[in-house]
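[1] sequence first, predicted coordinates after that:
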Amino acid sequence: MSVKVLNYSDVAESSRTAEIFARTTIRYGTRDYGSSGDISSFEIRPALESKAPARKKPTEKVVRRLNGFLVEDKGEEYEVAFVEKGNQLVIYYLPARHLRKAGITAPNQPFQMDEVEIELDGGRVMTGYVFCPLASRSDSFIDAIELTEDRKRKFSAIVEKFGKPKT
Amino acid sequence: MANLRLDFFESAQGETILIEFPDGEFGLVDAHPPRENSRPDILTLIAGKRLHFVCLTHPHADHGIDLIPVLQRQTDIAEFWHTSPDTSSFIFFCATQRWNYPSPVRDFVNEFWNGWADFLLDLYSSVGVIPERKFHSRVQPTEIAGVEIWCLGPDEKIANEFVKAYKTRATGKAKWLPDPNFLSAIFALKYGDTVIILGADALKQNWKDAIAVHRKHGLARAKVLKVPHHGASNALELAQKRDNYLDLCVKDGSALSVLFAGDANPMLLSPT
């Protein structure tokens, strides 16, 4: 049994005009086990219709940037809170898959959402959203919250009614 | 036979269910203000009514904000029903510890959950002298005016998971508290041949347990289902050969479902 594969060789030919580019001829041997194989060849060359106008690269513009955090995973959707107008928390429901894909998976995990306008050919504009975690799961820690006097009083009433914490 | 009547009130993003028992007295399962004036305010709604119980199905504000003024009234309420395991520990950890991250929204996270903590503190501190009754699926059924009330969930093991988390946190180690939706009380109301299931915000795992309890007690399938968790997909197990809450309903096409959808995106609701 013998296997014979020939190396290809380039054959450059000059073109009639500058619009016709060099051709590449690839020569190869057929993989015909047990024989030396016939030599065949074919040519590759660029399409002659190469004068199409260059496509305009889509341009992206961030029109809104919001910081927020994941409140609750509800399966196919996430309940999230965004900080708007500097200090207002506004609740939204977003399809969860996009945020999960970006690595936003844990309750309270902070993230940034960019609302992006993408200008396409012909002046068409598409709006998209880009999500980016502002911290990873492993960055989490427990924030200790001091009880105010009012909260202490209410908690005392709870302990009186439901008993001391068992833990 | 006198009637058993259930009123499901529009409650914005929350839920309100008022049960009128055959003896003419009532039970209030969760309460949240309506978006507009679709019902009288909660105190007007229950004015002159004697309540066998006021029930917080699980400790989330969308199910309990309007229970606070009811409990503060203190009169004509026989019992307060709930599911929170080791209530004082639960509220202590919710009010004083926050799972957080270093980020520009860190203070907002604390502020947001302080709102939830305030809800818990306000509600539970308002129970006062009203006797409490804690529910899980091993609690014996209760009968009120000929209506049997079976608790199908949560399973006791859910409560144990919370207690385990409290114990770990008490040692200073970080440990997530489980999702409070897992504490959802699932009730089956049986009156004559009719069964009605109230599913609170019970999740997939809750329903797996609830179906086992339902079968164990040989209860009939439900003719009315309060769809759990506002129709969210994390409450409905759609994988083949897995039990889900639809298995608890009659299969002849006559079952009715009630959905508190709030502002939910209808495209994301489970196909109940």
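    In hand now; what should we look at?

[2] so where's the chain uncertain?
    I went with chain A, as the question did not name one. A:1-56 (pLDDT under 70).

[3] I was after chain B.
    Judged against pLDDT under 70, the low-scoring parts of chain B cover residues B:240, B:263-272.

[4] for it, which segments count as strands?
    B:5-9, B:16-20, B:26-29, B:51-55, B:80-82, B:97-100, B:132-134, B:142-144, B:147-153, B:186-191, B:194-198, B:224-226, B:256-258 (DSSP state E).

[5] helices or strands up against the third one?
    When you say that, I think you mean strand B:26-29. Contacts defined by 3 or more C-beta pairs under 8 Å, 6 or more residues apart in numbering or on different chains; DSSP states H and E place strand B:26-29 against strand B:16-20, strand B:51-55. Placement of C-beta: from N, CA and C, glycine included.

[6] make TSV out of those strands and add mean neighbour count and distance to chain A.
    Output for these, formatted as TSV (neighbours: other C-beta atoms under 10 Å in any protein chain shown; distance: least, C-beta to the nearest C-beta, whole Å):
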stretch	mean neighbour count	distance to chain A
strand B:16-20	22	20
strand B:51-55	24	14
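
[7] can you put the ones you listed in TSV and add distance to B:Leu219?
    Below are the helices and strands packed on strand B:26-29 laid out as TSV (distance: least, C-beta to C-beta, whole Å):
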stretch	distance to B:Leu219
strand B:16-20	18
strand B:51-55	19
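
[8] quick one: closest of the ones you listed to B:Gln74.
    strand B:51-55 (10.7 Å; C-beta to C-beta).

[9] packing partners of the closest one?
    Judged by 3+ C-beta pairs under 8 Å, 6+ apart, strand B:51-55 is in contact with strand B:26-29, helix B:67-73, strand B:80-82.

[10] what's the closest of these to B:Leu6?
    Of those, nearest to B:Leu6 by C-beta to C-beta is strand B:26-29, at 8.8 Å.

[11] output that closest one in CSV, but only the C-alpha positions, please.
    The C-alpha coordinates for strand B:26-29 follow below in CSV (Å, rounded to 0.1, in the frame of the first residue of the first chain):
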residue,chain,number,x,y,z
PHE,B,26,-63.3,35.0,57.4
GLY,B,27,-59.6,34.1,56.8
LEU,B,28,-57.1,36.5,55.3
VAL,B,29,-54.3,35.0,53.2
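
[12] who touches that strand?
    Strand B:26-29 is contacted from outside by B:15-21, B:46, B:49-55, B:57, B:67, B:70, B:144, B:187, B:198, using C-beta atoms under 8 Å, 6 or more residues apart in numbering or on different chains.

[13] before we move on, the earlier item: turn the helices and strands packed on strand B:51-55 into CSV, columns for distance to A:Val83.
    Shown next, in CSV, are the helices and strands packed on strand B:51-55 (distance: least, C-beta to C-beta, whole Å):
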stretch, distance to A:Val83
strand B:26-29, 35
helix B:67-73, 27
strand B:80-82, 33
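
[14] among those, which is nearest B:Leu259?
    Closest to B:Leu259 of these, according to C-beta to C-beta: strand B:26-29, at 15.3 Å.

[15] that older thread, output the helices and strands packed on strand B:51-55 as JSON lines; include the columns mean neighbour count and distance to B:Val258.
    Below are those laid out as JSON lines (neighbours: other C-beta atoms under 10 Å in any protein chain shown; distance: least, C-beta to C-beta, whole Å):
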{"stretch": "strand B:26-29", "mean neighbour count": "24", "distance to B:Val258": "12"}
{"stretch": "helix B:67-73", "mean neighbour count": "19", "distance to B:Val258": "19"}
{"stretch": "strand B:80-82", "mean neighbour count": "24", "distance to B:Val258": "20"}
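
[16] for the ones you listed, which one sits closest to B:Arg169?
    The nearest among the helices and strands packed on strand B:51-55, by C-beta to C-beta, is strand B:80-82 at 21.2 Å.

[17] close to chain A, is the closest one?
    No. Against chain A, strand B:80-82 shows no contacts by C-beta under 8 Å from any C-beta of the partner chain, the least distance being 9.4 Å.

[18] which residues does B:His82 contact?
    By C-beta under 8 Å, 6+ apart, B:His82 lies in contact with B:Cys55, B:Leu56, B:Pro59, B:Glu132, B:Arg133, B:Lys134, B:Phe135, B:Ala185.

[19] er, B:Ser84 I mean
    B:Ser84 neighbours (C-beta under 8 Å, 6+ apart): B:Pro59, B:Phe90, B:Ile91, B:Tyr124, B:Lys134, B:Leu183.

[20] surely the last one touches B:Thr87?
    In other words, B:Leu183. No. Applying C-beta atoms under 8 Å, one finds B:Leu183 not in contact with B:Thr87, separated by 11.0 Å.

[21] list the buried residues of the longest helix seen in chain B.
    Assignment by DSSP state H gives helix B:106-125 as the longest helix of chain B. Going by neighbour count (16 or more other C-beta atoms under 10 Å in any protein chain shown), the buried part of helix B:106-125 is B:106, B:108-109, B:112-114, B:116-125.

[22] packing partners of the longest helix along chain A?
    Ranked by number of residues, the top helix in chain A under DSSP H is helix A:149-162. Applying 3+ C-beta pairs under 8 Å, 6+ apart, one finds that helix A:149-162 makes contact with helix B:87-96, helix B:106-125.

[23] is the longest helix of chain B up against chain A anywhere?
    Yes. Using C-beta under 8 Å from any C-beta, helix B:106-125 comes into contact with chain A via B:106, B:108-114, B:117-118, B:121-122, B:124-125.

[24] I'd like to know which elements that helix is packed against.
    Using 3+ C-beta pairs under 8 Å, 6+ apart: helix B:106-125 touches strand A:59-73, strand A:77-84, strand A:88-95, strand A:141-144, helix A:149-162, helix B:67-73, helix B:87-96, strand B:97-100.

[25] thinking again about what came up before, give me the buried subset of the contacts of B:His82.
    Buried subset of those (neighbour count, 16+ other C-beta under 10 Å): B:Cys55, B:Leu56, B:Pro59, B:Phe135, B:Ala185.

[26] just name the closest of the residues you listed to B:Leu152, please.
    Looking across the buried ones among the contacts of B:His82 and measuring by C-beta to C-beta, the closest to B:Leu152 is B:Ala185, at 8.7 Å.
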